[in-house]
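> show me the folded form of this:
(4 chains)
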Amino acid sequence: MAAKRKLAENPNSELIDFLHELADYEKNVSRMIHKYNAYRKAASSIAKIDHKIQSITDIKGLEGIGKKIAAKIEQYLSTGKIKKLETNRGDETGAAINQMTRVMGIGPTHANKLVHQEKITSIDELRSHPKRDQLLNKTQQLGLKYLEEFEQKIPRDEIKQMETILLREITAMDNLLRAEIVGSYRRGATASSDIDVLVTHPAVAKLPSLLHKIVETLTKQFHFITDTISIGDSKFMGVCQIDTSKLHRRIDIRVFPSEQYYCALLYFTGNDQLNRHMRIVAQEQGYKLNEYSIQKVGSTGTLSKPLPVTSERDIFDYLQMDYKEPHERNM
DNA sequence: GAGACATCGCATATAG
DNA sequence: CTATATGCGT
DNA sequence: GTCTC
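Numbering: from 1, shown residues only, chains lettered A, B, ... in the order given. The predicted structure follows:
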């Protein structure tokens, strides 16, 4: 057996981290979500470069990199630092706000409120705050409770074990039920940040309580689901744990009618880049594609009825694209 | 130079 | 109570 | 912040 070697890391990972840090500041502190997305887009362009960036000419013209970001990269190449980033880091209030947003359910708005109005400057202070329960809603309280656990990636093997249990128990409830774990797990990832489950049933329209029953069973019978963040007729968001020796994990369960199942399967398997690509191809070919359906776009912009789809392959076929296996969808 | 930058389900706050 | 707006995560 | 119109 050959020596086990750490997977080669991206040669520009430091620069990418810097851009992500600039992105986070814009989202959480400045509350400029589009600047956040702009920095993320630039970072993902750079992530595609497989050699170490030596000069600004290596990145000039890259998608999502304009004058301002190019200038920052230039600074980074010549000095190893980015002024704007150093300034951000010197902003203690901003740093505190960023910390607050680590908690699930605390977004930019609430994070700013906690820091500016309540003068909370760290997660520890939030945890020990006398009015903690009044300052946080239920989701945020769960987020705080499980903060460190949710920041750990889930090994593929653990998801595999969950899959065995989930599929067995869901089918046992009703053998017409069909379920799959999607997301990066389905694409073959060795670790994932959460578990995303898709469920379908031929008579789902007549079973508005289906999701509630599934969740109730997984909670009460098997103690697999430990907490509910939110639940409606079509989407559950919550927390699960395979056994008490393992960490708590974020899990989402979505229910779709059969005719929408494969569009949903494609969409929630991703990745994001493939989804965007396929939406554009669809548009070019006169279709509209989303997580629910694929429809023909008429000359006046009118939409046809959803086209019949009985497999993911059907969608690739409509778009005249070569079928991609899930593990080939990491773009 | 102005406007777009995805969309939507659920929880919660607010208005009526 | 119902209708609508906002925040959040996706 | 970047891109398109």
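> residue A:250 looks like it's in a strand, true?
Yes - under DSSP: H, G, I helix; E, B strand; the rest coil, residue A:250 falls within a strand.
> and it, what pLDDT?
Looking at residue A:250, its pLDDT is 98.
> what's the nearest residue to it if we skip its chain neighbours?
residue A:194 (3.9 Å; CB to CB, 6 or more residues apart in numbering). C-beta here means a position set from N, CA and C on the backbone, and glycine is covered the same way.
> okay, now the one you found: neighbour count?
Neighbourhood size, residue A:194 [other CB atoms under 10 Å]: 17.
> how near is it to residue A:249?
Using CB to CB, to the nearest Å, one gets 7 Å for the distance from residue A:194 to residue A:249.
> give me the common contacts of these two.
Both residue A:194 and residue A:249 are contacted by residue A:154, under the criterion CB atoms under 8 Å, 6 or more residues apart in numbering.
> next, the buried residues of the helix or strand that contains residue A:161.
Per DSSP states H and E: residue A:161 is located in helix A:156-173. Residues of helix A:156-173 classed as buried by neighbour count (16 or more other CB atoms under 10 Å): A:158-159, A:162-163, A:166-167, A:169-170.
> out of the residues you listed, which touch DNA strand D?
Of the residues in the buried residues of helix A:156-173, proximity to DNA strand D by CB under 7 Å from any atom of the strand holds for none.
> now, which of these sits nearest DNA strand B?
Nearest to DNA strand B out of the buried residues of helix A:156-173 is residue A:170 (CB to the nearest atom of the strand; 17.4 Å).
> which parts of chain A sit against DNA strand C?
Going by CB under 7 Å from any atom of the strand, the residues of chain A near DNA strand C are A:101, A:103-111, A:143, A:194, A:196, A:237, A:250, A:252.
> in PyMOL, how would I select just the buried ones from these?
For the buried members of the residues of chain A next to DNA strand C, the matching PyMOL selection, counting by 16+ other CB under 10 Å, is:
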select buried, chain A and resi 101+103+104+105+106+108+110+111+143+194+196+237+250+252
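> kindly indicate which of the residues of chain A next to DNA strand C lies nearest DNA strand B.
The nearest one, if we look at those relative to DNA strand B and count by CB to the nearest atom of the strand, is residue A:237, at 7.0 Å.
> tell me the pLDDT at the residue of the stretch 201-331 of chain A at minimum distance from DNA strand B?
Of all residues in the stretch 201-331 of chain A, residue A:232 sits closest to DNA strand B, at 2.0 Å by CB to the nearest atom of the strand. In this prediction, residue A:232 carries a pLDDT score of 97.
> can you read off the backbone torsions of the residue lying closest to residue A:146 once chain neighbours are set aside?
Counting by CB to CB, 6+ apart, residue A:146 lies nearest to residue A:248, which is 5.0 Å off, once chain neighbours are set aside. Residue A:248 adopts backbone torsions of phi -80, psi 140, taken as degrees, to the nearest 10.
> could you double-check that residue A:144 lies in contact with residue A:125?
No - counting by CB atoms under 8 Å, residue A:144 stays clear of residue A:125, with 11.6 Å between them.
> more neighbours, the two?
For residue A:144 versus residue A:125, the count of surrounding residues by other CB under 10 Å is larger for residue A:144: 19 against 16.
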